[in-house]
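Trainee: with the input below, show me the fold.
(one chain, ligands or ions: 1)
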Amino acid sequence: MSNKIGWCDTTWNPIVGCQKISDGCLNCWAHKMAQRQAGQYAKHPENGTYEAYFDVKQWNGTTRLIESALDKPLHWKKPRRIAVCLMGDLFAADFTDIDEVITRINGSPQHKFIFCTKRPLAMLEYWQSFINNKNKIALALNNSIFLVSVENQAAADERIPELIKLKLLDPRFRIGVSAEPFVGNIDLTPYLKDLDWVIAGGETGQKARICDVRWICNIYDQCLIKNVPFWFKQWGKNSLPSYYFYIYLETIEHCRQFERGYNEPA
Ligand code: SF4
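Mentor: Numbering: from 1, shown residues only. As a prediction, the model looks like this:
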């Protein structure tokens, strides 16, 4: 599926489904979208297109593999940056289903794959299960980056240390942080020496929570000082400069820096 996300060219959803586990999940976009697709299936079950979404619409941790989506990257000849399983959390799924996804990535060296999870421990356990199968790990590592999603300092302090353990498994793991939805200030300084990429953005959607633009400016400054590639996504629908004009000019200057600072890992 083509998209306007910017930090990737395409999304690929061979596994769908998840369960809310933290503040960052409160207004989960994927859950709403899954309910919408499930409604489509209920109206037209003969179509079958959204059957998997019907199975996971309760968002209770059930996940489904979509066989018809699995081989898509193998057929995309032109290199793409592909975000994997945004309609859920890949590492909420069974390891055997994750195997199916990784097998396709092994067969698609022309692409870059971007993983993002709120379950770094499950991700670590998955890769540990392959520790004796170096070839399989090596293939997937050549063209992938693994992000944890963090919404505030507590989530960062809980998830990023687990993420960093991937580099102890194999130093070729490329890892990063997606600070979105940004609902609290985050100091990434203790972790930046191990990170290859940082993405940040305020919450979008009707019920978006407040994002103080200074939080995003802070994290940008932290990355700038440590020379970590940074991708600015958006201020969010409910960002504080709308209410506090006094930091508006400062924000504009940061926007210019964001434009100059556009980058991604090699
Ligand atoms: S982990 Fe992601 S997909 Fe799963 S409920 Fe939370 S926000 Fe939604």
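Trainee: quick check: the residue nearest to residue 193 when sequence neighbours are not counted vs residue 25, distance?
Mentor: Excluding the flanking residues, the one nearest residue 193 by CB to CB, 6 or more residues apart in numbering is residue 226, at 6.9 Å. Backbone N, C-alpha and C define where each C-beta goes, glycine included. Here residue 226 is placed at a distance of 29 Å from residue 25 (CB to CB, to the nearest Å).
Trainee: again with residue 109
Mentor: Taken as CB to CB, the span from residue 109 to residue 25 is 33 Å.
Trainee: distance from the chain centre to stretch 104-124, please.
Mentor: Relative to the chain's own centre, stretch 104-124 is displaced by 10 Å; criterion: CA atoms, centre = their mean, to the nearest Å.
Trainee: what mean pLDDT does it have?
Mentor: For stretch 104-124, mean pLDDT rounds to 96.
Trainee: could you export that stretch as PDB, CA atoms only?
Mentor: Taking C-alpha atoms only, stretch 104-124 is exported to PDB below (Å, rounded to 0.1, in the frame of the first residue of the first chain):
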ATOM      1  CA  ARG A 104      10.000 -13.000   3.000                       C
ATOM      2  CA  ILE A 105      12.500 -10.300   4.200                       C
ATOM      3  CA  ASN A 106      15.300 -12.700   3.700                       C
ATOM      4  CA  GLY A 107      14.100 -13.000   0.100                       C
ATOM      5  CA  SER A 108      13.800  -9.300  -0.500                       C
ATOM      6  CA  PRO A 109      17.300  -7.800  -0.300                       C
ATOM      7  CA  GLN A 110      16.300  -4.900  -2.600                       C
ATOM      8  CA  HIS A 111      14.200  -3.300   0.200                       C
ATOM      9  CA  LYS A 112      14.700  -1.700   3.600                       C
ATOM     10  CA  PHE A 113      12.300  -2.900   6.300                       C
ATOM     11  CA  ILE A 114      11.300  -0.800   9.300                       C
ATOM     12  CA  PHE A 115      10.000  -2.700  12.300                       C
ATOM     13  CA  CYS A 116       8.300  -0.800  15.200                       C
ATOM     14  CA  THR A 117       7.100  -2.500  18.400                       C
ATOM     15  CA  LYS A 118       6.100  -1.800  22.000                       C
ATOM     16  CA  ARG A 119       7.200  -5.300  22.900                       C
ATOM     17  CA  PRO A 120      11.000  -5.200  22.800                       C
ATOM     18  CA  LEU A 121      11.200  -8.100  25.200                       C
ATOM     19  CA  ALA A 122       9.200 -10.400  22.900                       C
ATOM     20  CA  MET A 123      11.400  -9.100  20.000                       C
ATOM     21  CA  LEU A 124      14.500  -9.900  21.900                       C
END
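Trainee: and that stretch, what's buried?
Mentor: 104-106, 108, 111-120, 122-124 (16 or more other CB atoms under 10 Å).
Trainee: centroid-nearest residue for this structure?
Mentor: The centroid of the chain falls nearest to residue 116 when counting by CA atoms, centre = their mean (3.0 Å).
Trainee: re earlier: and residue 226 and residue 25? which has more neighbours close in?
Mentor: residue 25 (18 against 15; other CB atoms under 10 Å).
Trainee: how far away is that one from the ligand?
Mentor: 3 Å (CB to the nearest ligand atom, to the nearest Å).
Trainee: list the contacts of that residue.
Mentor: Residues in contact with residue 25 (CB atoms under 8 Å, 6 or more residues apart in numbering) are residue 118.
Trainee: now residue 188. Its backbone dihedrals?
Mentor: phi -90, psi 0 (degrees, to the nearest 10).
Trainee: could you find the closest non-adjacent residue to it?
Mentor: residue 222 (5.2 Å).
Trainee: which element follows the one helix or strand the one you found maps to toward the C-terminus?
Mentor: Assigned by DSSP states H and E, residue 222 falls within helix 213-226. Where DSSP H and E defines the elements, the next helix or strand beyond helix 213-226 is strand 230-234.
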